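In: Sequence first, predicted model second:
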Number of protein chains: 2
Amino acid sequence: MKKDTKLSAALHIILHMAEVDGPMTSDRLARAMRTNPVVVRRMMAGLRERGFVTSEKGHGGGWKLNCDLKTTSLGDIYSALGSPDCIALTHRDENTSCLVELAVNVALKSAFEEAEALLFARFDEVMLADLSDDFHTRFAALKQGGTPHDESKSVS
Amino acid sequence: MKKDTKLSAALHIILHMAEVDGPMTSDRLARAMRTNPVVVRRMMAGLRERGFVTSEKGHGGGWKLNCDLKTTSLGDIYSALGSPDCIALTHRDENTSCLVELAVNVALKSAFEEAEALLFARFDEVMLADLSDDFHTRFAALKQGGTPHDESKSVS
DNA sequence: TTTCATGTAATATTAAAAGTTACATGAAAA
DNA sequence: TTTTCATGTAACTTTTAATATTACATGAAA
C-alpha cells in the first residue's frame, strides 16, 4: 500500500497559513508542497467542511485559517481528513468460519485497536499551537545561531 | 497501499500445523488459506530461517512446526516475517529544509513510534499457545453446544 | 468581459502487497 | 534409473489504494 500523507500535508499547510497574512492560493500551497493544486483543494475540502479553514474564489481569493491554534488538535485535523486508516496490517478474512482463523483475528484485532487508540490519544493531546511554537523556537534558534540558511528557505 | 496480511496468514498456518501430525504441503496450506502455494513458501521462508518451522522436499515432504508454542510470541513471528511496516501514515519529505515541515515531522514521528511500540509490546506478550488455547476453547464450546457446524468446517 | 481562483468529476500514474508462471533442486517411490 | 512429488526462487503480472493530472464548471474581482 502507499502510505497516507494527508495529515502531514495538511499540518504543513496549516502552519504555513498561520505565518502569513491574507489568503494563500492552492497553486502557491501546491508549489510549496511539491504537489498538485487539485490535491490541495481535495484535502482542504475536508477542513473547510469542519470550519477549520475558509476559501474564496476569484481575484484575491484563496484559503484562510479559521480556527484557534490553541484549541484545535491534530486529532481534529485527522478527523476532518476522513480519519484515514492508520494500521497497515489486517487479517485476510474478516468473517471466517474457521475457528483457528477466528482466534487469530480476535487476538490481532485487539492489538491493532489498542495501537490505534494510543495514536488517536496522542493526536488529541497535541494542539496546532504546539507545532507552531516548536517551529518558532527552531526559527529563533536558527537566526540566533547565525547559520547560513536564509529565511525563505527555512519556512517554505 | 494494500495492507499486509502476512502475520495473520502465518499465524493461521502455524495453528493449523499445530493441530496436525506429520508435514503439511504448501499446496494443502494454500488451499486452506485460499492463496497460492508460492505465496505460502515465500512467507514460510522467513519462519524457516529463524528455525520456527522446517521443510522437506520430495515424497512425504512439506512443512513441520519446530517451535514451542508456549515460548514463541506473535512478536517472534512478526519479526521472522521481516517486520513489515505497521503504520499506514507517514510524512511527505523525511529530510526537509523547511522548519515548519520539520516541526510537523517531529511531532508525527513520535506519535507513530509510540503506537508502533505499543503494538510490538502486545505482540511480544501474546504467545502462540494463547491463540491455540483460545481455538481449543472455542472448538470445545462448539461441540458441547451441539451447533450444526461440522468439525472440518470449523478448523479449516 | 476577461482573468483569477476554487469545486469537482473523470482519468492516469505510482507504490506496495499478493498472486502467477517457469524452472531448478533434491528426495522418495516405482 | 526414471518418475513423481515437493520445496526454492527469480521474474513477471495483477490488484489495491493513494496521489497526481486533465478538463471543465462556477463565481468573484479587475
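Out: It's in. Residues are numbered from 1 along each chain as shown, chains lettered A, B, ... in the order given.

In: any idea how far residue A:15 lies from chain B?
Out: 5 Å (Cβ to the nearest Cβ, to the nearest Å). For the C-beta atoms, the positions are set from N, CA and C on the backbone; glycine is no exception.

In: cool, and residue A:68?
Out: 18 Å.

In: Need the three-state assignment for that residue.
Out: coil (DSSP: H, G, I helix; E, B strand; the rest coil).

In: Now do the same contact list for it.
Out: By Cβ atoms under 8 Å, 6 or more residues apart in numbering or on different chains, the contact list for residue A:68 is empty.

In: low pLDDT regions in chain A?
Out: Across chain A, the ranges flagged by pLDDT under 70 are A:1, A:145-156.

In: Could you pull out the strands in it for me?
Out: For chain A, the strands defined by DSSP state E cover A:53-56, A:62-65.

In: Next, count neighbours for residue A:71.
Out: Residues near residue A:71, counting by other Cβ atoms under 10 Å in any protein chain shown, number 10.

In: Grab the nearest non-local neighbour of it.
Out: Of all residues not flanking residue A:71 in the chain, residue A:127 sits nearest, at 6.9 Å (Cβ to Cβ, 6 or more residues apart in numbering or on different chains).

In: Who is that neighbour paired with across the strands?
Out: Beta-bridge pairing for residue A:127 (DSSP bridges): residue A:73.

In: shouldn't it be in contact with residue A:72?
Out: Yes - here residue A:127 reaches residue A:72: they are 6.5 Å apart, a contact under Cβ atoms under 8 Å.

In: Residue A:109: which of the strands of chain A is closest?
Out: Nearest to residue A:109, of all those, is strand A:53-56, at 35.3 Å by Cβ to Cβ.

In: circling back: and the gap between the residue nearest to residue A:71 and residue B:91?
Out: Residue A:127 is 19 Å from residue B:91, where distance means Cβ to Cβ, to the nearest Å.

In: and those two? which has more neighbours close in?
Out: Shown here are residue A:127 and residue B:91; by other Cβ under 10 Å, residue B:91 has more neighbours (22 against 18).

In: got the phi/psi numbers for the more buried one?
Out: Backbone torsions of residue B:91, given as degrees, to the nearest 10, read phi -100, psi 160.

In: what sits against it?
Out: With Cβ under 8 Å, 6+ apart, residue B:91 has these contacts: A:5, A:8, B:101, B:104-105, B:108-109.
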